[in-house]
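Sequence and predicted structure are below.
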Amino acid sequence: MKKNIFLATIILGLLFAFSTVFLVDETEQVVILQFGKPIRTITEPGLNFKLPAPFQTASVFDNRLLEYDVPPEEILSQDKKSLIVDNYVRFRIVNPLLFLQTVQSVPIAVTRLDDIVYSKLRQELGTHEMAEIITENRDVIMEKVTRESNEATGPYGIEVVDVRIKRVDLPQENEKSIYARMEAERMRQANKFRSEGEEEAQKIRATTDRDKVV
Amino acid sequence: MAYRRIIVGDSEIKVPEKLLTLGLIPIVLIVFFGWLSTGIYKVGPDEVGVVRTFGEFTRVDQPGLNYHFPYPIESVDTPKVTEVKRIEIGFRSLGNGQYRAINQESLMLTGDENIVDAEMIVQYKIKSPEAYLFDIVKPRLTVREAAEASLRTVVGRHNIDESLTSGKLKIQEETKALLQEILDKYGAGIQVVAVQLQDVSPPEQVLGAFKDVASAKEDKNRMINQAEGYRNDLIPKARGEAEARIRNAEGFKQARTKRAEGDVAKFKSMLKEYRKAKNITKKRLYLETMEEILPGVEKVIVPDGDNGNVLNLLNLNPTKGKK
């Protein structure tokens, strides 16, 4: 009888010991909560210990660079041209504790992120002309939006690593007018070539006729 | 020997007592070794084994047979590190050489606010397996999105004619550099092997106009060629004609000179004769000249000294119509 009690104690002890051990993976970071109160943040992977379930619980967050693809939006440039901007965001949870306290989970974080990035992007693009957005300044604009978004998401424990404009397109009506312009431009070129050809040919003929007479 | 009787279903089995007391140990051992053996794993020639010990990255195993402590102590991933992965932008291969265009991806604005249709292939491989596995999510999507963004950014820096012709190589290189820069910024552990622009063409809607420019260029060349043909045809002919005339003239000149020289010689010899015997020579000259002239001339002999007597007229001409 005594032996059985002894065995049971050992088994219970082992179970208890196992329940205190937990792994933190390379891709994870963990906040330990004691009756809901955060007491510890673990960002390094490896073997860790905590009190078993009802006493202490672990909230696990991704440690990797996370992606969020923003659906395309119509944004006005400074010269009042509307552009369809498709951008994406790369972000990382840098402060799991803040993250847990403010947004709890990635889906909620993404909606916050969306609000912030969208407003920053809209604000920034509104100060540039369309030509700038398309050409030289795209890098500068993206960098600025990234920096500003990053400042705004700091309180959520999120670092915005990159806001990148994947596509800038024109709405369909404008596309049509671009095509029309392109066509006209090419037509002009074609006409130029043809009349140049004619001119050159005439010249050669005239010179030939002159040479012949001489 | 002591037996214990165990009833299984309808039949009764006698199990030796000894086996029962020993029984637990071999079973435990078998289970234990079985568990240990789950740690044996193979790393293919194109892979490496990335081992995590209690969740922490500890080592990289090379191709061949390897061992890691079984779950839950160690776990292993075997990413294909030498494999070059491929992403298509603007189109998707459907196999058997066919492909489908994706305009949404391939149409983009150039620096001079025109639109081009550009298709691209990105080849990449894993540079750092641990970064690739543990630092990013959705690596393929990451490369695709970054590649699209880079291509558009770079095309936006160039105008349409550059994009369509001479600037292609430059665009390719710049895109590759930018893409690598972005991926490094993400710490993705990915190496961009190559970026290849497949087809850069004007959008379908204006393709006709672009082709017309090309044919206009051809037209121009054709017209010039035709004119040159005209020239090449005429000039040698004219030159030949001119040459022929010159030659003729030269021939004429020589002939004329020769004849004149002959005349001079003749005249000189005659002069000599004349000086010797003036009257005879004079007469002879007169006769010779007459001899030369008279056969072709209408001749009427009128006797000298008479008072215009018509009957004395001797007509030496053949009568017209009577002959």
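The structure has been received and is ready for your questions.

give me the low-pLDDT residue ranges for the chain?
No chain was given, so I picked chain A. A:1, A:136, A:214 (pLDDT under 70).

looking at chain B here, not the other one
Looking along chain B with the criterion set at pLDDT under 70, you get B:1-4, B:6, B:8-10, B:13, B:15-23, B:298-323.

how much space between residue B:250 and residue B:242?
13 Å (Cβ to Cβ, to the nearest Å). No exception for glycine: its C-beta is placed from N, CA and C like everyone else's.

now residue A:52
Distance of residue A:52 to residue B:242, given as Cβ to Cβ: 116 Å.

More neighbours: which of these two?
Between residue A:52 and residue B:242, counting by other Cβ atoms under 10 Å in any protein chain shown, residue A:52 is the more crowded of the two (15 against 12).

Give me the phi and psi for that one.
phi -70, psi 180 (degrees, to the nearest 10).

Do I have it right that it meets residue A:21?
No. Contact criterion Cβ atoms under 8 Å: residue A:52 and residue A:21 do not qualify, at 9.8 Å.

Touching, residue A:191 and residue B:216? I think so.
Yes. Between residue A:191 and residue B:216 there is a contact at 7.3 Å, judged by Cβ under 8 Å.

out of the two, which sits in the busier spot?
Neighbours per residue (other Cβ under 10 Å) separate residue A:191 from residue B:216, with residue B:216 holding more: 21 against 13.

Contacts only, for the more buried one.
For residue B:216, the contact set (Cβ atoms under 8 Å, 6 or more residues apart in numbering or on different chains) comprises A:189, A:190, A:191, A:192, A:193, A:194, A:197.

Within reach of chain B, which of those residues are there?
A:189, A:190, A:191, A:192, A:193, A:194, A:197 (Cβ under 8 Å from any Cβ of the partner chain).

who in the stretch 51-200 of chain B is up against chain A?
With the criterion set to Cβ under 8 Å from any Cβ, the stretch 51-200 of chain B comes near chain A through B:52, B:54-57, B:72, B:107-109, B:111, B:113-115, B:130, B:133-138, B:141-142, B:145-146, B:148-149, B:152-153, B:156-157, B:160, B:182, B:185-188.

so of those residues, which ones are in helices?
In helices, judged by DSSP state H, the following of these are found: B:130, B:133-134, B:141-142, B:145-146, B:148-149, B:152-153, B:156-157, B:160, B:182, B:185.

In contact with residue A:72, which residues?
Shown in contact with residue A:72 (Cβ under 8 Å, 6+ apart): A:84, A:85, A:86, A:167, A:169.

returning to that earlier point: I only care about the residues of the stretch 51-200 of chain B next to chain A that end up buried; give me the ChimeraX line for that.
Here the buried members of those are turned into a ChimeraX selection, burial being counted by 16 or more other Cβ atoms under 10 Å in any protein chain shown:
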select /B:52,54,55,56,57,107,108,109,111,113,114,115,130,133,134,135,136,142,145,146,148,149,152,153,156,157,160,182,186,187,188
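
Show me what from the stretch 201-323 of chain B comes close to chain A.
B:202-203, B:205-206, B:209-210, B:212-213, B:215-217, B:219-224, B:226-228, B:230-231, B:234-235, B:238.

mind running it again at 7 Å?
Contacts of the stretch 201-323 of chain B with chain A, taken as Cβ under 7 Å from any Cβ of the partner chain, map to B:203, B:205-206, B:209-210, B:212-213, B:216-217, B:219-221, B:223-224, B:226-228, B:230-231, B:234-235, B:238.

Please type out the ChimeraX selection for whichever of the residues you listed turn out to be buried.
To isolate the buried subset of these in ChimeraX, counting by 16+ other Cβ under 10 Å, use the following:
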select /B:203,205,206,209,210,212,213,216,217,219,220,223,224,227,231,238
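
Quick check: the residue of chain B nearest chain A.
Closest contact between chain B and chain A, by Cβ to the nearest Cβ, is at residue B:220 (3.0 Å).

does that residue count as helix, strand or coil?
Under DSSP: H, G, I helix; E, B strand; the rest coil, residue B:220 falls in the helix class.

what's the neighbour count on the closest residue to residue B:221 other than its chain neighbours?
Spatial nearest neighbour of residue B:221, excluding adjacent residues (Cβ to Cβ, 6 or more residues apart in numbering or on different chains): residue A:197 at 7.0 Å. Residues lying near residue A:197 (other Cβ under 10 Å) number 22.

In chain A, what residue lies closest to chain B?
Counting by Cβ to the nearest Cβ, chain A gets nearest chain B through residue A:197, at 3.0 Å.

Confirm that residue sits in a helix?
Yes. Assessed by three-state DSSP, residue A:197 belongs to a helix.
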